[in-house]
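A.B. asks: Here's my sequence, what's the structure:
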Amino acid sequence: TEPPPTPYTRKDRSQQQPGHCVRMTGKTAKPYDISDANFPKDGNGRTYHTYTRHGDVANRVVTVGSHHRAKMVSSLFDTVNIHTTSDRGFETFTGTLRGVDITVIATGMGLPMVDMMVREVNASVKGPLLFLRLGTCGTPSSKIPIGSVAVSRESVLITRQYDAFHEVGAKDGKLKQSERYYYISKPIKADKVLTSNLQKELQKRITKYPVHVGVGATCDSFYGSQGRLDPNFLDHNNSLIDDLEERHKDSVSLEMETGHLLHLAKTSTNQKIRAGGCAIVLAQRRSNAFLSGEEKAYMEREAAISVLEALITTPLEIGDMAVAKELSPEKIEKYYGKRAVKNADNHKNRGNRTMLGLSLAIAAAFGFVAARFLQRHRV
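C.D. replies: As a prediction, this is how the structure comes out:
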């Protein structure tokens, strides 16, 4: 007989081919007309791009670019209950892992896809959200070999300055070439607890390649804004990578999504969104080396397991009793500030009061039963 599956050896579900939405019933949902131009949803409550609605997405989300990677990640779940696809390029798998609800979403590439995903997932989920991105990247650092995992402690965005390409250049003659044609933003920090857990899980599981933590660079294109040279276009990006490393000496990655994910987490207003991310280094931009397909597949799976472990073991919010129990007051203050320490103490005290009340109730019930027993025994 076939032995029962162990964690992370589940059967591959990558051959499932749904229509728009497949649930346990196997029924396919039908599209409805759109009624709201500001935030489009159909008559069934599904968002315009991701085609998700309330109940389709868990509070813990792995986000990837590749549809193949999303299927691989979902094959590591214990169960897959919901699988949605959209004609806008999104694919969503929601299930459970060791009793924890979890989702993986394939977004495709680039800032606009991340923007649509985060906003529409936010509209489909009640309560706090945790996002961890698992991507691939290049690295500007000669010290980081291909196959490494780059964890973004914080991220900058590199965007093309379109107006600069219309100017003669005399006005900005004192600026460096890349500074004139490309904008490098201030760093946006990832969630410290989520990033710390991610780093710990990666280093615990992955021994073949190193894990590097530093500043990630999220670019608005694959070619020009990442310093790739193309003689067919005037990109003015010859010194872009050098200037990035000069400004951020611990730069670890060049990719196209994580920075905007962190930005949206920081600017969310209606609920608490926390985010982090890592990427497998495929391209060494200094030596021009590129990771083999076989090694890429191996590292994707190893990193995916680490990401899942970090995600399901990180409490959803600082107000959780779990957080108050797992983190010392010093760490809570370091990660979330002094107010969070007070909130955690309040939750601890509330839990202690609940346990005290329960103990008194049990003692009172026991005393009542004992009194009745003694009364009858005297009779």
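A.B. asks: tell me the contacts of D115?
C.D. replies: D115 is in contact with 260, 264, counting by CB atoms under 8 Å, 6 or more residues apart in numbering. From N, CA and C alone the C-beta is placed, and that goes for glycine too.
A.B. asks: Now it. Its backbone dihedrals?
C.D. replies: phi -60, psi -50 (degrees, to the nearest 10).
A.B. asks: ditto for V100
C.D. replies: Torsion angles, degrees, to the nearest 10, at V100: phi -100, psi 130.
A.B. asks: ok, it touching I312?
C.D. replies: Yes. Using CB atoms under 8 Å, V100 is in contact with I312, at 4.2 Å.
A.B. asks: need the helices for the stretch 51-200 of the chain, in chain order.
C.D. replies: Ranges of helices within the stretch 51-200 of the chain are 67-74, 111-124, 177-181, 192-205, based on DSSP state H, counting those that start in this stretch.
A.B. asks: Same check on the stretch 201-350 of the chain?
C.D. replies: Under the criterion DSSP H, counting those that start in this stretch, the stretch 201-350 of the chain carries helices at the ranges 240-247, 258-267, 293-312, 321-326, 329-336, 338-378.
A.B. asks: And those helices, which one averages the lowest pLDDT?
C.D. replies: Lowest mean pLDDT within those: helix 321-326, a mean of 49.
A.B. asks: and V61, how far is that from G214?
C.D. replies: Distance of V61 to G214, given as CB to CB, to the nearest Å: 24 Å.
A.B. asks: and these two? which has more neighbours close in?
C.D. replies: V61 (24 against 18; other CB atoms under 10 Å).
A.B. asks: Tell me who's in contact with the more buried one.
C.D. replies: V61 neighbours (CB under 8 Å, 6+ apart): 102-105, 121, 129-132.
A.B. asks: Could you count how many residues lie near M116?
C.D. replies: 20.
A.B. asks: Which pLDDT value belongs to it?
C.D. replies: So, for M116, pLDDT stands at 98.
A.B. asks: That one and T50 touch, don't they?
C.D. replies: Yes. In this structure, M116 is within contact of T50 by CB under 8 Å, at 6.8 Å.
A.B. asks: Between the two, which contacts overlap?
C.D. replies: Contact criterion CB under 8 Å, 6+ apart; residues shared by M116 and T50: 88, 90.
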